[in-house]
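**Student:** Quick one, structure for this:
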Amino acid sequence: MGLVEPLSLVAGTMTMSAPGIQAWKTLRTRDVTGLSTGSYVLLVLLNMLSTLIGVQYGVVAMIVLNGLTLMFYAATLFLISRAAMGAVFGVVGTGITLLAIAAPTVLADLLTTRWAEATGFIYGLAACFSFLPQVVMTHRTRNVSALALGNLALIVAGMTIWIVVCALLGNWSLIFWNSVLLLMVAELLRLKLTLRRAPQDTRNDMGDATHAQLS
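**Tutor:** Numbers count the residues shown, from 1 in each chain. I've put the predicted structure just below:
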């Protein structure tokens, strides 16, 4: 566990800063046309689970940094759809309240490593699908203006380190699902880098064609 804390701190700082960059860009530009509500709902849920995993393993860096990441994703979701954000926190809050009333011992056990693998599996499902709506939307619309480049680059770097942390913890479910998440974010990064150059490339092609006609 010696390397877990420092690596978690580095990875958590990256993945916490990333949605902060996206939230700031969205707040500043108010451009939400290229952002998927479905993806941000799943990302909020994903970071609730990752904070819980930090509690289960007692990794303070995971708890604090994933908690901050959750706040940034919730802020962006609020800018995209207030109704969606209200629904997410309403459902989660109701679920926790009902569990505390009906099965308080299960709720207590949920905070221990006894439920770590199960939590990791549920986290994995959320991770597997979290960026999928955004990838599909971006492929369909070819609109990358709302996506922050720094956000995507930091998530790719941070998730790579998180996979190493998961390997040190011996949680193979988290290794697999984080790898799936990493691949989807890497695809969004590729789209951002290629599509943002497309208008310039198109103008150059048009200019070359005009020059050829004049010649």
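**Student:** In contact with the residue nearest the centre of the chain: list those residues for me.
**Tutor:** Among the residues of the chain, the one closest to the centroid is residue 43, at 4.9 Å (CA atoms, centre = their mean). The neighbourhood of residue 43, defined by CB atoms under 8 Å, 6 or more residues apart in numbering, consists of 19, 73, 77, 130-131. C-beta here means a position set from N, CA and C on the backbone, and glycine is covered the same way.
**Student:** Can you name the element that comes right after the stretch of helix or strand it belongs to?
**Tutor:** In this structure, residue 43 sits in helix 37-57 according to DSSP states H and E. Downstream of helix 37-57, the first helix or strand assigned by DSSP H and E is helix 60-80.
**Student:** Dump that next one to CSV, keeping only the CA atoms.
**Tutor:** Provided in CSV are the C-alpha atoms of helix 60-80 (Å, rounded to 0.1, in the frame of the first residue of the first chain):
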residue,chain,number,x,y,z
VAL,A,60,-7.9,9.5,2.0
ALA,A,61,-6.6,10.9,-1.3
MET,A,62,-9.2,9.0,-3.2
ILE,A,63,-12.0,10.3,-0.9
VAL,A,64,-11.0,14.0,-1.1
LEU,A,65,-10.0,14.2,-4.7
ASN,A,66,-12.9,12.1,-6.1
GLY,A,67,-15.2,14.2,-3.9
LEU,A,68,-14.0,17.4,-5.5
THR,A,69,-14.2,15.7,-9.0
LEU,A,70,-17.9,14.9,-8.2
MET,A,71,-18.5,18.6,-7.4
PHE,A,72,-17.1,19.7,-10.8
TYR,A,73,-19.1,17.1,-12.7
ALA,A,74,-22.2,18.1,-10.8
ALA,A,75,-21.6,21.7,-11.7
THR,A,76,-21.3,21.0,-15.4
LEU,A,77,-24.5,18.8,-15.2
PHE,A,78,-26.2,21.7,-13.5
LEU,A,79,-25.3,24.0,-16.5
ILE,A,80,-26.5,21.4,-19.0
